[in-house]
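A.B. asks: pasting the sequence and the predicted model now:
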Amino acid sequence: MNRYRLTLLTAALCAALPLHASEADTGADRRSPTELAAVRVQANTPTASTAPTSSFGSADWKNTPASVNVLDRALLDQLQVRTLSELARHDASLGDSYAPVGYYQNVAIRGFALDPATGYRFNGLSIAGEQRLALDNVQQVEILKGEAGLAAGVMAPGGIINYVGKRPANVRTVTLATDSEGSRYVAADVGGWITPRFGVRVNAAWDDSASYIDHADGRRDFYSVAADWLIGERGKLEVDANYQTSAQRSASGYQLLGGSALPRGVDRSRMLGHQPWQQPVGIASNNLTALHTYDFSPAWQSRLSVGHSRSVIDDNVAFAYGCYYAAGCADGSVPGNYFAPNGDYDIYDYRSPDDTRVNDEARGELRGRFATGTLRHELSVGLSAFHRTVDKRQNVNEYVGTANIADAQVPVFAPSPLQPGPSARRLDSWQRALFALDRIHVGDAWQFLAGGRYVRLDERAYDKRGVPERHSRLSQFLPQTALIWQASERVNVYASYVEGLSLGQEAPFWTSNGSTFLPAMQSRQRELGVKYAAADGLMLGAALFRITQPFQYAKPDASDVGFTFVQEGTQAHTGLELTANGQLSERLAVNASASLLQARARDAGTAYYDGQQLVNVPEVRAAVHVDYALPYLDGLAVSGGWRYAASNAATVDGSVKAPAYSVFDAGVRFQHQLRDHALTWSLSVDNVFDRFYWRDTGSTAGDYYLFPGAPRQARLSVSIAL
């Protein structure tokens, strides 16, 4: 669609608002926090459970002995969330972990960066995290905080994020949106039951994004289809497929000046290292899931599911990194993997086309209920197999010139004449597992959960030419157990213990053992929590936890390069999480969370690591969003938000910290009828006071980067029910 025509259409719809406004149902768009998703009820046909799936099986929020947050479709629409980084703003336990504009993003939960291979799921099945994770076809996002070994196998201990797809329903909605930068967004959501037993839902989105960063405008095309087939009186098949392409220049992060000072006077609109020959990062992804359920009886059900996820990345960037070639770093007095003290930085022509990540997963499960004497059991047993491959071409990564962060115009340098090499298999990983979980009801007040996952990992890694360099084999049983006490009709108290397993990290190139992988690590989590579910839909939760695993870091030593990447000592994350979600009153809804987190290393063998808060883990975070339906005009609601993060370590010894920040958001929403069509208008303003802050001090490949938060941004959307 022509950009000019789309902008005029949005403006015309805005002008029509006061002319056709009429009375609407005051509560039509307010969330009912006790309902995690809609369930289609049809006589004599099976219905699907939409309870969040966690490492402790599927149960309602109050009976899940873990910290789980569910962001439903209504809230996602209110917040006008488009990216993973924007999603992470609204849960205090989450934070960015190397999330550049224009590239696929990653987040951390409880201070642990998620493993892109296993940390992200669609309908409970693994998807390749190295993609632009779309929300257009998502009904709700489930955030499981902490160990999830039974659900995900070998994974980072922070948790998992599960995207739950929209199911077939009678819906025909078109959404138009723009923002203060001039972006254009069009989305269509169309579905229905073609027959009483077969339903389809199609989602499509076209996004021309205008970035606040110069030269970082992008585009995205997204298509998805979901189908439900009720097979006989006992069976059901659910299929979801989506395809997406995107292209956008990636914005490099800043680095500390001389390794010891934050950059000052940063212009957030400036793209570091920009070169006219720099091509956009192209990402093409497709995801497919299928679930077949069969009810043998009211008490027993089988579940067979398969998933396929593929992401192909054409990585192109004029990458701002370090100062090895800058005059201020030539004598070696300044570490070359940071910007120079005067703001100089090197620019690299980096090209890595056809970077292909594929996840395939199959899972079979039997769920049933039975009794042994006075004990009532809810049993789940199953098998799973997970296969992941990574194919990459030998990349180009060549120095082309040096610039300075104060440059109003980045000097133009010639690109490298080198070309990427042939594609080769870099990783071939298999996980095969047997899992079981038994929820035992002892009377009406107590539940005891016991289970675990026996996993066998067989992983082969290859060098750039496809020559084998590592073969890892291990077998491990990952136990988990929990005790739940129903203190009252509305209050549950739980205690849990979980063990997990995660892969060792790859050593940075600038260490003596660069590009080698450290052994897999075992982690342990202990958690104590309380949950309160009020009659009016308000849900209050508190969780106290401690997660430990071996500490990985670049240890200073007497090697030729001065560092060796090791596992030494213990990394312990001890925290308290508080949540409040639901209706405070008939008209006032809240979605709030707070996190107090101490993440420190002990016995690391290097004094300035011990006892220091780890990099990119603020000790305090908070996120609050409130929505109030005004009483004097039906359909009109206002909202406000507050995001806070304490000072954030930017160096391993804590000598440099990104300052604490508070960011305020605001919004207004109006629903009305226009010629028998329901319209919903949403205007939101993020960072109302245009506060500058460092949102991310995360790392990748052993190097640390600084990403500023977005400036003030206004977004306008209108959804029309046809």
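C.D. replies: That came through fine. Everything numeric here is computed off the predicted structure, so don't read it as measured data. Numbers count the residues shown, from 1 in each chain.
A.B. asks: for Pro420, give its distance to Val390.
C.D. replies: According to C-beta to C-beta, to the nearest Å, Pro420 and Val390 sit 15 Å apart. Where C-beta positions appear, they are placed from N, C-alpha and C, glycine not excepted.
A.B. asks: meant to ask about Gly575
C.D. replies: Computed with C-beta to C-beta, the distance linking Gly575 and Val390 is 33 Å.
A.B. asks: picking up where we left off before, what about Pro420 and Val390, which has more around it?
C.D. replies: Between Pro420 and Val390, Val390 has the larger neighbour count (other C-beta atoms under 10 Å), namely 19 against 15.
A.B. asks: ok, the more buried one touching Thr356?
C.D. replies: Yes. In terms of C-beta atoms under 8 Å, Val390 counts as a neighbour of Thr356; the distance is 7.2 Å.
A.B. asks: quick one: residues contacting the nearest residue to Gly709 once chain neighbours are set aside.
C.D. replies: Using C-beta to C-beta, 6 or more residues apart in numbering and skipping residues adjacent in sequence, the residue nearest Gly709 is Arg695, 3.9 Å away. Neighbouring residues of Arg695 by C-beta atoms under 8 Å, 6 or more residues apart in numbering: 85, 96, 707-710.
A.B. asks: how about a cut-off of 10 Å?
C.D. replies: Each residue near Arg695 by C-beta atoms under 10 Å, 6 or more residues apart in numbering is listed here: 85, 88-89, 95-96, 99, 643, 645, 648, 658, 661, 663, 706-710.
A.B. asks: again with Arg600
C.D. replies: By C-beta under 10 Å, 6+ apart, the contact set of Arg600 is 551, 570-574, 609-614, 617.
A.B. asks: ChimeraX command for the buried members of these?
C.D. replies: Restricted to buried positions by 16 or more other C-beta atoms under 10 Å, the ChimeraX selection for the contacts of Arg600 reads:
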select :551,571,572,573,574,609,612,613,614,617
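A.B. asks: any chance of JSON lines for the contacts of Arg600, columns distance to Leu501?
C.D. replies: Converted to JSON lines, the contacts of Arg600 look like this (distance: C-beta to C-beta, whole Å):
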{"residue": "Phe551", "distance to Leu501": "16"}
{"residue": "Thr570", "distance to Leu501": "16"}
{"residue": "Gln571", "distance to Leu501": "15"}
{"residue": "Ala572", "distance to Leu501": "17"}
{"residue": "His573", "distance to Leu501": "17"}
{"residue": "Thr574", "distance to Leu501": "21"}
{"residue": "Tyr609", "distance to Leu501": "24"}
{"residue": "Asp610", "distance to Leu501": "25"}
{"residue": "Gly611", "distance to Leu501": "27"}
{"residue": "Gln612", "distance to Leu501": "26"}
{"residue": "Gln613", "distance to Leu501": "26"}
{"residue": "Leu614", "distance to Leu501": "21"}
{"residue": "Val617", "distance to Leu501": "22"}
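A.B. asks: what's the farthest-apart pair in the contacts of Arg600?
C.D. replies: Across the contacts of Arg600, the longest distance by C-beta to C-beta is 16.9 Å; it joins Thr574 and Tyr609.
A.B. asks: poorly predicted segments of the protein, please.
C.D. replies: 1-57 (pLDDT under 70).
A.B. asks: quick one on the thing from earlier: so which of the contacts of Arg695 belong to helices?
C.D. replies: Among these, DSSP state H puts 85, 88 in helices.
A.B. asks: endpoints of stretch 690-706, how far apart?
C.D. replies: 18 Å (C-alpha to C-alpha, to the nearest Å).
A.B. asks: buried ones in it?
C.D. replies: The neighbour-count check on stretch 690-706 (16+ other C-beta under 10 Å) flags 693-699, 702-706 as buried.
A.B. asks: tabulate these (TSV), appending distance to Ala134 and secondary structure.
C.D. replies: Shown next, in TSV, are these (distance: C-beta to C-beta, whole Å; DSSP: H, G, I helix; E, B strand; the rest coil):
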residue	distance to Ala134	secondary structure
Tyr693	27	coil
Trp694	27	strand
Arg695	22	strand
Asp696	21	strand
Thr697	27	coil
Gly698	22	coil
Ser699	26	strand
Gly702	30	coil
Asp703	29	strand
Tyr704	29	strand
Tyr705	25	coil
Leu706	27	strand
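A.B. asks: between which two of those is the distance greatest?
C.D. replies: Pairwise distances across the buried residues of stretch 690-706 (C-beta to C-beta) peak at 24.9 Å, for the pair Tyr693 and Gly702.
A.B. asks: let me see the ranges of the helices in the protein.
C.D. replies: For the chain, applying DSSP H gives helices covering 3-20, 73-79, 84-88, 149-152.
A.B. asks: tell me how far the third one is from the chain's mean position?
C.D. replies: Using C-alpha atoms, centre = their mean, to the nearest Å, we find the averaged C-alpha position of helix 84-88 to lie 7 Å away from the chain's own average C-alpha position.
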